[in-house]
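Colleague: Build me a model:
(chains A and B)
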Amino acid sequence: QITLKESGPTLVKPTQTLTLTCTFSGFSLSTSGVGVGWIRQPPGEALEWLALIYWDDDKRYSPSLKSRLTITKDTSKNQVVLTMTNMDPVDTATYYCAHRGRGYGYALGYWGQGTLVTVSS
Amino acid sequence: DIQMTQSPSSLSASVGDRVTITCRASQSISSYLNWYQQKPGKAPKLLIYAASSLQSGVPSRFSGSGSGTDFTLTISSLQPEDFATYYCQQSYSTLSFGQGTRLEIK
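Modeller: Next up is the predicted model:
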């Protein structure tokens, strides 16, 4: 059974760096074809894809946020970490991580519950 | 970037109705199109992948079609639990989502 869970601060100040951790179970990020992505959703708004990391350490970023994002993985800990620099109140959102796998056409088949991050001084 | 545009943005329908939501890509994405359902306060749930493949456990009243730039999600007979927001998402070139379609009870 695949599960994912996001963790990190619930409140960050403007200009600070946000670090979020996705801890997962039920799959290995060293298996060919597997990826983990980050997606966010501001309150009342649409989903926005942020970043993806693959089993071979290939990394992809949203073009509009690329300069602020870094995604890394720790295969031994079953974790993926996303950092976002220079946080702003418009970055207030629920942040999700999700599993991308071959079994469902490389869609995002399993999602974490999400974690709400508020950016405020 | 590939832009995804859904229509309508919101829709009112009744239990038992047949509903269709459309999604258009700004360039051809072959069949790299997925559909998700999201209920308030919950994470999105995968319904359809690769344009027309039903995810395991999803009721057969949900179906998807299309290729290239134009895609549809159809719910054949709305059930009370189907009232939610639906998102399309392309996976042809990195990822991007549509703006969502909110399906409300009439």
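Colleague: Residue numbers of chain B in contact with chain A?
Modeller: Chain B comes close to chain A at residues B:1, B:32, B:34, B:36, B:38, B:43-46, B:49-50, B:53, B:55-56, B:87, B:89, B:91, B:94-100, as judged by CB under 8 Å from any CB of the partner chain. For every residue, glycine as well, the C-beta is placed using N, CA and C.
Colleague: Tell me where the model's unsure across chain B.
Modeller: For chain B, no stretch is flagged by pLDDT under 70.
Colleague: all strands for it, in order.
Modeller: Secondary structure of chain B by DSSP state E: the strands cover B:4-7, B:10-13, B:19-25, B:33-38, B:45-49, B:53-54, B:62-67, B:70-75, B:85-90, B:96-97, B:101-105.
Colleague: Which of the residues of chain B next to chain A are buried, as a ChimeraX select command?
Modeller: Of the residues of chain B next to chain A, the buried ones go into a single ChimeraX selection, burial set by 16 or more other CB atoms under 10 Å in any protein chain shown:
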select /B:32,34,36,38,43,44,45,46,49,50,55,87,89,91,94,95,96,97,98,99,100
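Colleague: For stretch A:77-84, buried residues please.
Modeller: Buried-residue list, stretch A:77-84, by 16+ other CB under 10 Å: A:N78, A:Q79, A:V80, A:V81, A:L82, A:M84.
Colleague: At the geometric centre of chain B, which residue do we find?
Modeller: In chain B, the residue lying closest to the centroid (CA atoms, centre = their mean) is B:W35, at 3.9 Å.
Colleague: And for B:S53, nearest residue in space, chain neighbours not counted?
Modeller: A:G105 (6.3 Å; CB to CB, 6 or more residues apart in numbering or on different chains).
Colleague: Correct me if wrong: that neighbour contacts B:Y49.
Modeller: Yes: between A:G105 and B:Y49 there is a contact under CB atoms under 8 Å: 3.9 Å.
Colleague: returning to that earlier point: next, the contact list for the residue nearest to B:S53, please.
Modeller: By CB atoms under 8 Å, 6 or more residues apart in numbering or on different chains, the contact set of A:G105 is B:Y32, B:N34, B:Y49, B:A50, B:S53, B:S91.
Colleague: try it again with 10 Å
Modeller: Neighbouring residues of A:G105 by CB atoms under 10 Å, 6 or more residues apart in numbering or on different chains: B:S31, B:Y32, B:L33, B:N34, B:L46, B:I48, B:Y49, B:A50, B:A51, B:S53, B:Q55, B:S91.
Colleague: same deal with A:F24?
Modeller: Listed by CB under 10 Å, 6+ apart, the contact set of A:F24 reads A:2-5, A:36, A:77-80, A:97-99, A:110, A:112.
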